[in-house]
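Colleague: Predicted structure and sequence below. I'll ask about it afterward.
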Amino acid sequence: MTDYFALLGVKRGPKIDGALLKANFHGLCQTWHPDHLEPAEEGRPQMAAPCFADINAAYRCLQDTRDRLAHLLELELGRKPQSIQQIPDELASVGVRVMTVCRGVDAFLAARQENPSPMVRAHLFKNSMAWLSQCDTLETALQPLQIQLQQELDRLDAAWDQATGGSPKDPNPHRATALDRCYRLASYLGKWTSQIKERQLTLSL
């Protein structure tokens, strides 16, 4: 398993120095991009392609909070995180609201699609704005959870270097539990935010 933190030369932890990550990524790209290699260096262009692919994969992973936490968990435990199919109890009510509104929007959009005439669409404009307002309200409702996630990440990151263990051979159960919680919260928030924004965009068309 490739350690993306080590590959891009940044500290392993729940949070990341975005400026350093970007600078190191661009530096590695300059070194390993196939177009920048000297053809005369026998064998090196063939070796560069997978390395350059790893660099891009690492950058995309570490940039995204959910993917970074999943990768960190895998490094800590030596396995991928368990499924997040079951919503935590504390997020259940928000999850039901998101699901209900998204289903309502989808049903409205399907009905609107069946009546493409400008006159009908104009008549449905008020309903469209009502659904859009509900999406905006949901987006606002997610903000406290986003703040909670950042606060938990701040605490976990601050204590990261002081905690003992933290490898597949010597796992730290308390650190792993806190990290898994942040991963799950980030996963659901990312999923719900994406679902809401997708419908906001479609309703605005």
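Modeller: Arrived safely, thanks for sending.

Colleague: what's stretch 138-153 in contact with?
Modeller: 14-15, 65, 91, 94, 97-98, 101, 178, 181-182, 185-186, 189, 192-193, 196-197, 200 (CB atoms under 8 Å, 6 or more residues apart in numbering). Where you see a C-beta, it was placed from the backbone N, CA and C, and this is true even at glycine.

Colleague: Now a ChimeraX select for only the buried ones of these.
Modeller: The following ChimeraX line selects those of these that are buried, judged by 16 or more other CB atoms under 10 Å:
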select :14,15,65,91,94,97,98,101,178,182,185,186,189,192,193,196,200
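
Colleague: looking at it, residue 16 is touching residue 9, isn't it?
Modeller: No. At 11.6 Å, residue 16 does not count as touching residue 9 under the criterion of CB atoms under 8 Å.

Colleague: Compare the two (neighbour count), which wins?
Modeller: Shown here are residue 16 and residue 9; by other CB atoms under 10 Å, residue 16 has more neighbours (18 against 13).

Colleague: contacting residues around the more buried one?
Modeller: 10, 62-63, 68.

Colleague: could you measure residue 148 against residue 94, distance?
Modeller: Noted for residue 148: a distance of 12 Å to residue 94, by CB to CB, to the nearest Å.

Colleague: try residue 186
Modeller: 14 Å.

Colleague: Downstream of the longest helix along the chain, the next helix or strand is which one?
Modeller: Looking across the chain with DSSP state H, the single longest helix is helix 125-158. Counting by DSSP states H and E, the element after helix 125-158 in chain order, helix or strand, is helix 173-204.

Colleague: That next one vs helix 125-158, what angle?
Modeller: Using axes from the mean of the first three to the mean of the last three CA atoms, to 10 degrees, the inter-axis angle of helix 173-204 relative to helix 125-158 is 160 degrees.

Colleague: can you list the domains in the protein?
Modeller: Domains of the chain are assigned by automatic domain parsing as 4-63, 89-204.

Colleague: In terms of mean pLDDT, which of these ranks lowest?
Modeller: Note on the domains of the chain: domain 4-63 shows the lowest mean pLDDT, a mean of 82.

Colleague: tell me how far that domain is from the chain's mean position?
Modeller: When distances are taken as CA atoms, centre = their mean, to the nearest Å, domain 4-63 is centred 20 Å away from the chain's centroid.

Colleague: Show the contacting residues for the residue nearest the centre of the chain.
Modeller: By CA atoms, centre = their mean, the chain has its centre lying nearest to residue 66, at 3.8 Å. By CB under 8 Å, 6+ apart, the residues touching residue 66 are 183, 186-187, 190.

Colleague: By neighbour count, which of those residues wins?
Modeller: Going by other CB under 10 Å, residue 186 tops the contacts of residue 66 with 25 neighbours.

Colleague: Leaving out the residues flanking it, which one is nearest to it?
Modeller: residue 66 (4.3 Å; CB to CB, 6 or more residues apart in numbering).
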